[in-house]
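Chemist: have a look; sequence and predicted model below, questions after that.
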Amino acid sequence: MSRLVMKFGGTSVANIERIRNVARHVKREVDAGHEVAVVVSAMSGKTNELVAWCTEASPMHDAREYDAVVASGEQVTSGLLAIVLQGMGIQARSWQGWQIPIKTSDAHASARIEDIDGSEIITRFRDRKEVAVIAGFQGIDPKTNRITTLGRGGSDTSAVAIAAAVKADRCDIYTDVDGVYTTDPRIVPKAKRLDKIAFEDMLELASQGAKVLQVRSVELGMVHNMPIFVRSSFDKPEDIDPHANQPPGTLICGEEEIMENHVVTGIAFSKDEAQISVRQIEDKPGVAASIFGPLADANINVDMIVQNVSEDGKTTDLTFTVPAADYNRAKDTITAAKATIGYKRLDTATDVAKISVIGSGMRSHAGVAAQAFSALAGRNINIRAITTSEIKFSVLIDTAYTELAVRTLHTLYGLDQA
């Protein structure tokens with residue numbers, strides 16, 4: 001017998017019929033003798049609707065009241081799923097975040113989980129054979145007893161954190177895809193589903209644009225060594241053997257559990273990028289701080305950074321990228337600090353895309369990035385900027401070449417035959 005946490009996203013619970021399908025997945029695991037907690041998102045589109053209502057009520061609304069409104073979507077889903085499970089003869093109870101409780105920081109709309117007391121859920125597993133149906137995405141600030149939310153995609157984070165708190169054997173993330181692929185199959189039809197992927201590789205994929213899992217959920221899985229299994233909620237529940245070693249899907253686990261690491265695991269891409277170049281700055285200590293300090297104060301994340309010094313060594317150009325959503329704020333922030341920075345010109349571009357090549361196997365293989373640069377040059381794709389780390393490198397290119405670049409690199413590293 002195992003203890004499982006099963007998480008279902010918005011498309012999986014989009015209407016009552018799909019909630020019944022989710023209930024059949026849960027019943028399959030309960031009938032197999034497993035102890036089960038279920039974490040649910042709001043029904044598809046509901047959170048967007050609630051956010052729009054808040055904005056319509058007042059564009060400058062109180063973040064605490066925003067959380068009170070948007071957290072209701074998951075509460076509705078958890079109650080409906082508990083009702084359906086009870087109708088199937090399964091002992092089930094819905095839980096809101098504050099009832100467990102899931103204690104969080106006080107950063108409303110983007111709170112971080114600080115502690116979860118899973119003892120009552122574990123007791124009910126043992127004494128009542130009860131399925132816990134938990135509203136994801138939410139918790140409580142213990143200092144004020146106010147509902148908090150974890151930011152978009154926070155139900156994934158809720159699920160992994162709850163799995164750690166109840167000492168589950170595995171956290172199953174059911175979604176509208178059947179696992180993690182070497183890249184987006186819509187871009188590269190030859191993309192292959194990975195049976196297993198290391199936490200580190202998945203963390204890079206998620207942070208570089210892959211939309212399968214929220215980054216914080218992977219971080220939590222890695223910290224607590226909690227295996228995460230990504231699988232499809234649209235597979236027929238009755239066609240899946242709950243005792244199988246691994247049904248269709250991708251297991252995210254420790255690197256030591258993967259027999260053989262490929263040099264490259266996957267290719268991620270993001271079109272939500274903007275490039276800013278600060279030209280002809282005096283090359284002296286503190287210049288970078290004068291640029292990136294104000295951006296940090298404005299809570300703008302900077303990603304790729306490239307610095308070029310002039311031939312005479314007196315001036316420098318500094319180029320960096322920010323999320324497209326922060327582009328205007330970043331440009332305004334740099335413009336406002338012009339007197340302090342002392343630059344001559346500001347160049348910007350929004351028609352850029354970031355392509356990232358990820359793989360733990362890079363640690364022990366030289367020349368992986370050089371192959372990519374050569375292949376992209378062969379396709380006449382100009383590289384605007386480059387960043388590297390131990391298991392990843394990223395290039396910034398013109399958006400128009402995104403699909404060609406992804407396909408070229410996917411083939412280059414043998415992922416078409418993975």
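Modeler: Here it is on my side, so go on.
Chemist: my read: P247 touches D241, true?
Modeler: Yes. Using C-beta atoms under 8 Å, P247 makes contact with D241 at a distance of 6.7 Å. From N, CA and C alone the C-beta is placed, and that goes for glycine too.
Chemist: in terms of neighbours, single out the busier of those two.
Modeler: Neighbours of P247 and D241, each counted by other C-beta atoms under 10 Å, are more numerous for P247; the result is 16 against 9.
Chemist: who's in contact with R24?
Modeler: The contact partners of R24, by C-beta atoms under 8 Å, 6 or more residues apart in numbering, come to P237, E238.
Chemist: swap in 6 Å and give it another go.
Modeler: The contact partners of R24, by C-beta atoms under 6 Å, 6 or more residues apart in numbering, come to P237.
Chemist: cool, and Q214?
Modeler: Q214 makes contacts with G153, D156, T157, as judged by C-beta under 6 Å, 6+ apart.
Chemist: and for V70?
Modeler: With C-beta under 6 Å, 6+ apart, V70 has these contacts: T47, L50, T149.
Chemist: repeat for D178
Modeler: If a contact means C-beta under 6 Å, 6+ apart, then D178 has S232, P248 as its contacts.
Chemist: run through the bridge partners of V306.
Modeler: T319 (DSSP bridges).
Chemist: how near is it to S360?
Modeler: 26 Å (C-beta to C-beta, to the nearest Å).
Chemist: how about H61?
Modeler: Distance of H61 to S360, computed by C-beta to C-beta: 44 Å.
Chemist: and those two? Which one has more around it.
Modeler: Between H61 and S360, counting by other C-beta under 10 Å, S360 is the more crowded of the two (22 against 14).
Chemist: just list the residues touching D156, thanks.
Modeler: So D156 contacts L213, Q214, S217 (C-beta under 6 Å, 6+ apart).
Chemist: recalculate using a threshold of 10 Å.
Modeler: With contact set as C-beta atoms under 10 Å, 6 or more residues apart in numbering, D156 has these partners: 7, 9, 39, 41, 136-137, 150, 171, 173, 175, 206, 212-218, 220-221, 228, 230.
Chemist: cool, and Q138?
Modeler: By C-beta under 10 Å, 6+ apart, Q138 lies in contact with 67-68, 70-75, 96-98, 102, 104, 111, 147-150, 154-155, 158.
Chemist: which residues does it form beta bridges with?
Modeler: Residues in beta-bridge contact with Q138 (DSSP bridges): T149.
Chemist: please identify which helix or strand holds N48.
Modeler: helix 46-57 (DSSP states H and E).
Chemist: so after that helix, what's the next helix or strand?
Modeler: Helix 46-57 is succeeded, C-terminally, by helix 63-70 (DSSP H and E).
Chemist: which other helices and strands does the helix or strand just after that following helix contact?
Modeler: From helix 63-70 onward toward the C-terminus, using DSSP H and E, the following helix or strand is helix 72-87. Helix 72-87 is packed against helix 16-31, strand 35-40, helix 46-57, strand 92-95, strand 131-135, strand 138-141, strand 146-149, helix 154-165, with contacts defined by 3 or more C-beta pairs under 10 Å, 6 or more residues apart in numbering; DSSP states H and E.
Chemist: what is the rounded mean pLDDT of stretch 335-349?
Modeler: For stretch 335-349, mean pLDDT is 92.
Chemist: likewise stretch 263-271?
Modeler: If you average the pLDDT over stretch 263-271, you get 93.
Chemist: same check, this time on stretch 403-418
Modeler: For stretch 403-418, mean pLDDT rounds to 91.
Chemist: so what's the nearest residue to A68 once chain neighbours are set aside up against?
Modeler: Closest residue in space to A68, ignoring its immediate chain neighbours: I147 at 5.4 Å, by C-beta to C-beta, 6 or more residues apart in numbering. Going by C-beta under 10 Å, 6+ apart, I147 touches 64-65, 67-72, 75, 96-98, 104, 108, 111, 138-141.
Chemist: again, 8 Å this time
Modeler: Contacts of I147 (C-beta under 8 Å, 6+ apart): D67, A68, A71, G97, W98, Q138, G139, I140.
Chemist: want to throw these into TSV with pLDDT?
Modeler: As requested, the contacts of I147 are exported to TSV (pLDDT from 0 to 100):
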residue	pLDDT
D67	96
A68	96
A71	96
G97	96
W98	96
Q138	97
G139	97
I140	97
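Chemist: strands of the stretch 101-250 of the chain, start to end?
Modeler: For the stretch 101-250 of the chain, the strands defined by DSSP state E, counting those that start in this stretch occupy 102-104, 113-116, 131-135, 138-141, 146-149, 170-175, 196-198, 228-232, 250-253.
Chemist: mind exporting the third one as PDB, just the C-alpha atoms?
Modeler: I take that to be strand 131-135. The C-alpha coordinates for strand 131-135 follow below in PDB (Å, rounded to 0.1, in the frame of the first residue of the first chain):
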ATOM      1  CA  VAL A 131      -9.800  10.700   1.000                       C
ATOM      2  CA  ALA A 132      -8.700  14.300   1.600                       C
ATOM      3  CA  VAL A 133      -9.800  16.700  -1.200                       C
ATOM      4  CA  ILE A 134      -7.700  19.800  -0.800                       C
ATOM      5  CA  ALA A 135      -8.100  23.200  -2.400                       C
END
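Chemist: quick one: contacts of it?
Modeler: When contacts are defined by C-beta under 8 Å, 6+ apart, strand 131-135 is touched by residues 26, 30, 36-40, 71, 74-75, 77-79, 81-82, 85, 90-97, 100, 121, 124-125, 158, 162.
Chemist: and for the longest one?
Modeler: By C-beta under 8 Å, 6+ apart, the residues outside strand 170-175 that reach it are 2, 4-9, 11-12, 22, 25, 156, 159-160, 163, 212-213, 217, 221, 226-233.
Chemist: where does the residue nearest to Q275 when sequence neighbours are not counted sit: helix, strand or coil?
Modeler: For Q275, ignoring the flanking residues on the chain, the nearest one in space by C-beta to C-beta, 6+ apart is A349 at 4.4 Å. Three-state call for A349 (DSSP: H, G, I helix; E, B strand; the rest coil): strand.
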